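Asks: Structure for the following, please:
(one chain, ligands or ions: 4)
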Amino acid sequence: VKEKGRDSIEFFNEEMADKVSRQLVMEGDLHRALDEYQFKLHYQPKIDVMTGFVVGAEALLRWEHPTKGTISPIDFIPVLETSGMIIDVGQWVLEESCKTLERWNEMGLWREGTRLSINISPRQFRRNAFVDDVVQTLNKHKIPANSLDMEITEGIVIQRVDEAITTMTVLSEYGISFSLDDFGTGYSSISYLKRLPVSTLKIDKGFVRDIIDDRNDRVLVETIITMGRLLDMELVAEGVEQTDQLKILQQFGCHYYQGYLSSPAVSIENFEEILMADAKK
Ligand code: C2E
Ligand code: CA
Ligand code: CA
Ligand code: CA
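Replies: Residues are numbered from 1 along each chain as shown. Ligands and ions are numbered 1, 2, ... in the order given. Predicted coordinates for the structure are as follows:
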């Protein structure tokens, strides 16, 4: 027993050391990634549930690693968060999104009133200079603040609620809107809803996935939509892959959706083709 215990401790240590070293390798790679332009943004359309028109897009980060291929944000965002690099990468995402909006404005592709959403990480949001950086970046590219939407999660709000509300209020006054991402997965979303200047709820794709077969998920989605509508919020369903899921969302009164049914996140060139096709409809 003793022997086995010691082995498992050593095994545990080895595994931890392994994890730490992998993390360090990735951190080094991520440092280079920013300098060597390995990050890219892809864009996923947000679609009007009733008309099928594109009403906006979400920018999603992609890392094209020189030897490992494309790495999913699920695997590297946590490393960016813990190392603090998310601040630089987040600023890059903002800058790149503004460049994209500038380009689409010049091409006449971006209708007024449509918004590009970017994901904001808690650490990035809590920085003192965040508001100034955002305003400066918008000005630099002559982007009206009302073409930008920020997707945040409860994690941003949970600590220091009042500070978060202040930051959001200032940015809202400029014209930036806020969406609460992954809604329904946290603990206390509902208690924040009335206090936060959030205009949109994004229903997590975990609920949408089983909306046809799982009665509980269906009831939950209907409840979120009903509640959101009563609070004058807009609702976006994530992860819609099938026509039958869309039909249910239509019945429930959901406003917009994202998902493979319409399109995955695609390169800027491919997204421009989507916008052009949409304009011809
Ligand atoms: P998220 O914000 O919840 O983004 C939605 C994820 O669902 C994206 O994964 C998207 O590609 C994926 N998705 C879209 N449609 C479907 C569908 O029909 N079915 C399924 N199964 N999935 C779908 P992605 O691009 O891998 O991003 C993962 C997460 O990484 C995001 O989740 C977000 O939390 C984070 N992330 C991505 N880009 C950024 C960024 O620029 N900044 C920060 N801070 N986080 C980011
Ligand atoms: Ca998001
Ligand atoms: Ca989400
Ligand atoms: Ca998520």
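
Asks: Name the residues of the stretch 151-281 of the chain found near ligand 2, please.
Replies: Within the stretch 151-281 of the chain, the positions adjacent to ligand 2 are 151, 181 by CB under 5 Å from the ion. No exception for glycine: its C-beta is placed from N, CA and C like everyone else's.

Asks: can you give me the helices for the stretch 151-281 of the chain?
Replies: 154-158, 161-174, 189-193, 205-209, 215-230, 243-252, 268-280 (DSSP state H, counting those that start in this stretch).

Asks: is ligand 3 contacted by the third one?
Replies: Going back to what we said before, that points to helix 189-193. No. Among the residues of helix 189-193, none lie within reach of ligand 3 under CB under 5 Å from the ion; the closest is 12.9 Å away.

Asks: For that helix, which helices and strands make contact with it?
Replies: Other helices and strands packing on helix 189-193, by 3 or more CB pairs under 8 Å, 6 or more residues apart in numbering; DSSP states H and E, are helix 154-158, strand 177-183.

Asks: How about residues contacting that helix?
Replies: 154, 157, 161, 180, 183, 227, 231, 233 (CB atoms under 8 Å, 6 or more residues apart in numbering).

Asks: again, only using 6 Å
Replies: 154, 157, 183 (CB atoms under 6 Å, 6 or more residues apart in numbering).

Asks: Okay, and the beta partners of the residue positioned nearest the centre of the chain?
Replies: Centroid-nearest residue in the chain, with CA atoms, centre = their mean: N119, separated by 3.7 Å. Note on N119: beta-bridge partners by DSSP bridges are E151.

Asks: circling back to that earlier point, now render the helices and strands packed on helix 189-193 as a markdown table, adding mean neighbour count, distance to ligand 3 and mean pLDDT.
Replies: Output for the helices and strands packed on helix 189-193, formatted as a markdown table (neighbours: other CB atoms under 10 Å; distance: least, CB to the ion, whole Å; pLDDT from 0 to 100):
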| stretch | mean neighbour count | distance to ligand 3 | mean pLDDT |
| --- | --- | --- | --- |
| helix 154-158 | 19 | 12 | 81 |
| strand 177-183 | 23 | 4 | 94 |
